[in-house]
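Q: Let me see the structure of the following:
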Amino acid sequence: MNSFSLPSFASQPLTPTCLSEFDYGDVQFDNCLQQEQLDHSLSVIMGLSDDEMLKPLRQHAGVAAPGKDLGGWYDEFAGYDFRHSIERGFAPAHSLGQWISALARGYAISGSKPMQEKVHTLIQGYAAIPQVKAYAGLRFPAYTYDKLVCALLDASKWAQCPDAFDILNKMTDEVVPLLPEKALDHDEMRARPHIDEPFCWDESYTLPENLFIAYERGAGERYKKLAMQYLKDDTYFDPLSEGKNVLPGHHAYSYFNALNSSIKAYMVTGSDKHFRAAKNAFDFIQSSQSFATGGWGPNETFVTPGTGGLYDSLLNTHSSFETPCGAFAHFKLTRYLLRVTGDTKYGDSMEQVMYNTVLGAKPLLPDGRHFYYSDYNFSATKFYKPIVWACCSGTLPQVAVDYRINTYLRAPGSIYVNLYIPSSVRWLHEGAQVKLAQSGSYPFEQQVRFGITASRPVRFAVKLRIPAWAGDGATVQVNGKRIKEPVVAGSFASVEREWKTGDRIELELPLRKRLVAIDEQHPDVVALMQGPLVLFPITMTEPKVTREQLLASKQFRRGQWRTETHEGSLCFLPFTSIDQENYSTYLHVTA
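A: Numbers count the residues shown, from 1 in each chain. Below is the predicted model of the structure:
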């Protein structure tokens, strides 16, 4: 267990945000899928040698590069030719920064000295590489720099790497002159001289988020200026802020991730335009781009609303949602928007994506195999990407470490419970040490229980997210008595009182079933949901089934549902329970 100083509510900066995050070490998880995914992902990274991880950048810089090749996208490979194959050498060392970041945050959670030492060793090894040589001619210099900015910031804050800011400044001095003078989209890159098509796919438009964070953490004014320089205002944030939907046709993950730069611009500078851009884009994605799972971007592209593009994807692709990368971007944006607005719809969306996509991802393997696409085809399976060490092998560990900071948020005198995961959070309030612990089998059971421990009686508010799908049936009890305050779906239920050790809260969320259509053009193609869960029909051939039969399905054992049709029993599983089974996400309902 990592030792930590208990944070004080009052010490947190609140402008322009209304909610702030806990530190990684403030939250502990019990046995749960989220903890299992974290432990496994970090163990894979810890199993890689430092030389293996640093080798591609060392090779590119022309310095000694011991260690074996990891393979796949991660290698520096002179024989790469995108016209024939991108199996090896596509993005050398692309995930190094993400792995270092995950290890630094993992150390903040666990206090593992070997994890901290690996972060320090990797940072020192990276610092010894000549930066200009490492980045010159690199296919994705902005992408690689961005991830290593995050790594150095996290190494400093969470792993106590003393010279991380010096290394960051040196890296920035040498690398930024190699980047374009402003954020360029793919079409703008194609209009400039380039070696081959993949050189037009770099993601300079995602840079500002981490540059703003560097400024916030004290790295200097230059990072705020750089962040402003790389905001993609002209063709992206400006029209989005005016309510123009310019998403269709864009690469789904990277342009969603760019929205985190927009909301971060608002959080740092107060720019209302950038808040509107992020909020409007999220609304566009949720209303016209999203599957019932919360995932989006079939074939990694935003579809044109009103064309039935989501339905078409059920027939013509198994590449439905770029899952770890997409969830990584989605969780950041929904957390930022929740912090800024206090609107529970962002927590609802985060929960939907967590349970129905990334929490059910096949685990990262030591040989680099990893889960990439969720498959929503009418004839679907879970599968590993045939290329090893692609981008999702970097984002999955970052998703896993961030479950903690997504679960609880805070404001002066209040703690907000956003996700219902067996866990506990500790903090300091008015000099009292307080712990809130939650338990239960949600989302398979509708009750979530909380217990309070406090070093002395102290007054604060506990605010519980009541999902919009709960309708009018949610209830909150304190010490066995229902609270008098209204419990309204789509808001935070607030219980403010003087709390003492032994106080308990029971939250009941009615897990009603509902049917969600794929799009307006196909109202009879529906997914079955219960609470936050999509219930995936386990079938190799689509059965004939009615709406009434779907809604009549019952949980006959934990995590397994069944209904009777004219063709026999039809079983359903949540995404987290699917392994080798054939499944579908949507079914055509008959009269």
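Q: Quick check: the gap between the residue most central in space within the chain and residue 207.
A: The chain has residue 328 as the residue nearest its centroid, 2.5 Å off, counting by CA atoms, centre = their mean. Using CB to CB, to the nearest Å, residue 328 is found at 16 Å from residue 207. C-beta here means a position set from N, CA and C on the backbone, and glycine is covered the same way.
Q: name the element the residue nearest to the centre of the chain belongs to?
A: If you go by DSSP states H and E, residue 328 is part of helix 323-341.
Q: before we move on, back to that, what sits against the residue nearest to the centre of the chain?
A: 257, 395-396, 398-399 (CB atoms under 8 Å, 6 or more residues apart in numbering).
Q: Kindly recompute the last result at 10 Å.
A: The contact partners of residue 328, taken as CB atoms under 10 Å, 6 or more residues apart in numbering, are 98, 253, 256-257, 260, 322, 358, 391-392, 394-400, 402.
Q: For it, which non-adjacent residue is spatially closest?
A: residue 395 (4.0 Å; CB to CB, 6 or more residues apart in numbering).
Q: Would you confirm that the one you found contacts residue 150?
A: No. Counting by CB atoms under 10 Å, residue 395 stays clear of residue 150, with 11.4 Å between them.
Q: Find residues that contact each of these two.
A: 98, 102.
Q: where along the stretch 451-591 of the chain do the strands fall?
A: 458-466, 475-478, 481-482, 491-499, 504-508, 513-519, 522-530, 533-537, 545-546, 554-557, 560-565, 568-573, 587-590 (DSSP state E, counting those that start in this stretch).
Q: Quick check: neighbours of the fifth one in the sheet, parallel or antiparallel?
A: Spelled out, it's strand 504-508. Counting by DSSP bridges, the strands paired with strand 504-508 are strand 447-454 (antiparallel), strand 475-478 (antiparallel).
Q: As CSV, those with mean neighbour count, distance to residue 581 and mean pLDDT would be great.
A: Formatted as CSV, the strands paired with strand 504-508 follow (neighbours: other CB atoms under 10 Å; distance: least, CB to CB, whole Å; pLDDT from 0 to 100):
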stretch, mean neighbour count, distance to residue 581, mean pLDDT
strand 447-454, 18, 29, 98
strand 475-478, 18, 36, 98
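Q: Now distance to residue 552 too, for those strands, in a markdown table please.
A: Below are the strands paired with strand 504-508 laid out as a markdown table (distance: least, CB to CB, whole Å):
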| stretch | distance to residue 552 |
| --- | --- |
| strand 447-454 | 23 |
| strand 475-478 | 25 |
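Q: Of the ones you listed, which is nearest residue 550?
A: strand 447-454 (24.9 Å; CB to CB).
Q: can you list the residues that contact the closest one?
A: 417, 420-422, 424, 426, 429, 432-442, 458, 460, 462, 464, 475-479, 495, 498-509.
Q: can you give me the end-to-end distance of stretch 540-555?
A: Chord length of stretch 540-555, first to last residue, is 21 Å (CA to CA, to the nearest Å).
Q: what mean pLDDT does it have?
A: Average pLDDT, stretch 540-555: 95.
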